[in-house]
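# got a predicted model here, sequence first, then my questions.
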Amino acid sequence: MVFKNSKLLLTLVALLLCMMWNPLAAQQSFLSEQNLARLQELIGSPNRSEGARARNQYRHPLPTLDFFDVSPQLTVVEIWPGGQGGWYRSILEPYMAGVGNYIPIRADSDESPFLGLVPDNSADRVLVFRAHGFMIYDYPAQDYYHSLYGMLKPGGIFGIVDHRGVESIPQDPEGENGYVNQSHVIMLAENAGFELLDQAEINANPQDTKDYPNGVYSLPPTLRGSTLNRRFRAQMREIGESDRMTLKFIKR
């Protein structure tokens, strides 16, 4: 096929490059159109705070929840969701109300993480959004992953989105800078019995250089350490929120 119109050729090339480099363009859809429409309605709902809605551009809730195949009739556990104003909670709770079962939990047991909070083999989805840092404080991180594995049904999905560290830098077991290496998360999950099913670049941010004075907390929304430095604060806002892995595991 010969293109005589050079402008048409350039347009087609640009569209092809856009599809290749845009992680959202080629993503397979798992949810029905009805469920996607309902989620989009809730994501933009005025019932969510203006601050929460402003972060939609960074957290990509629609493609993320689609990637994890979160249907409203399922039993979904969210780990450390925050209070009633929790960011994903404000979407998931009304999405599943009266149809499925949304269970927000945190580790309050003195014996082991999440002991007795969710029955074994009862959850269809276990979701962790930017909460890996909490899974290193009170117990060994591996204990948390074993707990998540136990609460899922066979065939259930464990989905995690978190601040992605630099692989060439060894994982800090204390997580001081807020980043966690993707290989470290995969290792913990596989050690617990999970199988990596898929990964996506939905929440990637190539502008995040991950070398800030206060680690990931230098970036929005925290913007730590930039109150008196307007230029640095503007730089952090320009970068946006962190580069994040989006991983989907299955319990066979």
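Here it is on my side, so go on. Numbering: from 1, shown residues only.
# can you give me the strands in the stretch 101-250 of the chain?
Counting by DSSP state E, counting those that start in this stretch, the stretch 101-250 of the chain has these strands, from start to end: 101-105, 123-129, 152-163, 195-200, 244-250.
# for the last one, packing partners?
Translated: strand 244-250. Applying 3 or more Cβ pairs under 8 Å, 6 or more residues apart in numbering; DSSP states H and E, we find strand 244-250 packed against helix 61-67, strand 152-163, helix 182-192, strand 195-200. C-betas here are computed from N, CA, C, even on glycine.
# so can I have CSV of those showing mean neighbour count, distance to R55 and mean pLDDT?
Shown next, in CSV, are these (neighbours: other Cβ atoms under 10 Å; distance: least, Cβ to Cβ, whole Å; pLDDT from 0 to 100):
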stretch, mean neighbour count, distance to R55, mean pLDDT
helix 61-67, 22, 9, 98
strand 152-163, 21, 13, 98
helix 182-192, 17, 22, 97
strand 195-200, 15, 19, 98
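# and F30, which of those is closest to it?
Shortest distance between F30 and the helices and strands packed on strand 244-250, using Cβ to Cβ, is found for helix 61-67: 5.6 Å.
# which residues sit against the closest one?
Residues outside helix 61-67 that contact it (Cβ atoms under 8 Å, 6 or more residues apart in numbering) are 24, 27, 29-31, 36, 39-40, 43, 88, 91-92, 159, 161, 198, 200, 202-203, 246, 248.
# next SSE after it?
strand 75-79 (DSSP states H and E).
# can you pull out the low-pLDDT segments for this protein?
Counting by pLDDT under 70, the chain has low-confidence residues at 1-26.
# how about A200, nearest residue that isn't a chain neighbour?
T246 (4.5 Å; Cβ to Cβ, 6 or more residues apart in numbering).
# can you count the residues close to that neighbour?
23 (other Cβ atoms under 10 Å).
# sorry, back to before: so which of the strands of the stretch 101-250 of the chain comes closest to N229?
strand 152-163 (22.1 Å).
# angle of the closest one against strand 244-250?
When axes from the mean of the first three to the mean of the last three Cα atoms, to 10 degrees is applied, the directions of strand 152-163 and strand 244-250 differ by 170 degrees.
# if we can go back for a sec, with distance to P220 added, can I get the helices and strands packed on strand 244-250 in CSV?
Formatted as CSV, the helices and strands packed on strand 244-250 follow (distance: least, Cβ to Cβ, whole Å):
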stretch, distance to P220
helix 61-67, 16
strand 152-163, 12
helix 182-192, 22
strand 195-200, 22
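# closest to Q207 out of the strands of the stretch 101-250 of the chain?
strand 244-250 (12.6 Å).
# give the buried residues for the closest one.
Residues of strand 244-250 classed as buried by neighbour count (16 or more other Cβ atoms under 10 Å): 244-249.
# check the gap between M151 and G85 for me.
Here the criterion is Cβ to Cβ, to the nearest Å. By it, M151 lies 25 Å from G85.
# brilliant, that's me finished.
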